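>>> fold the following and give me the result.
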Amino acid sequence: MTITYLPDTGIQLNGILIPWNCYRGIVRKNIFGLYTSKDSEIDMSIYHSGDKSFNIIQKRDIYESLHNNSCLVFFNYDINDLLKEIEIHNGVEVRIESIIISFEKNINDIIAQLKKISKNIKFDDREDLVFVDLKLVVESQEAMGGEGDNLGYIYMTRNIDHLVPI
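Numbers count the residues shown, from 1 in each chain. The predicted structure is shown next:
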């Protein structure tokens, strides 16, 4: 299973464009897969004099299968149920221009390939490598808490400002 990533547009899956800011119901309809909805709210009002505007709201659909292929992919939404981020943990290759990112590849090889198409690279506060113009983060299995130098995680977002102030 391959997802084509179009940084300022969204993704393409089996010929279907899923744009950033796409409504959650439409994403679900256009993606053939098994998912679990995992929405949560962390109450931060106790630290802000009862002000609930500081609460952390997380809306996500977790897919363990896409088009009958086993995977672990999170589609994350904003408070209005509009697509804002995609996290891939396994089971899916990602195409960006002519580059294929897969979980069988060494993270250093992936980074070298991505540097050919993205020169604007920064580190976030966790020291993750952020490809700013691609709005993309890749991490090794080791960085994700496992073992090994292969790819462990891909993060794509419609807006990178929360990771690296530009």
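>>> would you mark the buried spots in the longest helix along the chain?
Using DSSP state H to define each element, the chain has its longest helix at helix 107-115. Across helix 107-115, burial judged by 16 or more other Cβ atoms under 10 Å covers Ile107, Ile110, Ile111, Gln113, Leu114. Glycine gets a C-beta too; all of them are placed from N, C-alpha and C.
>>> between those, which is nearest Gly148?
Gly148 lies nearest to Ile107 out of the buried residues of helix 107-115, by Cβ to Cβ, at 8.9 Å.
>>> look up the closest residue to the closest one, ignoring the ones flanking it.
Ser140 (4.0 Å; Cβ to Cβ, 6 or more residues apart in numbering).
>>> relative to Val94, how far out is the one you found?
15 Å (Cβ to Cβ, to the nearest Å).
>>> quick revisit: contacting residues around the residue nearest to Ile107?
Going by Cβ atoms under 8 Å, 6 or more residues apart in numbering, Ser140 touches Ile107, Gly148, Asp149, Asn150, Leu151, Gly152.
>>> which of these are buried?
Ile107, Asn150, Leu151, Gly152.
>>> so which of those residues sit within helices?
Ile107.
>>> redo the buried ones among the contacts of Ser140 as JSON lines? Include distance to Met144 and pLDDT.
Compiled in JSON lines, the buried ones among the contacts of Ser140 are given as follows (distance: Cβ to Cβ, whole Å; pLDDT from 0 to 100):
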{"residue": "Ile107", "distance to Met144": "10", "pLDDT": "91"}
{"residue": "Asn150", "distance to Met144": "10", "pLDDT": "91"}
{"residue": "Leu151", "distance to Met144": "9", "pLDDT": "91"}
{"residue": "Gly152", "distance to Met144": "4", "pLDDT": "90"}
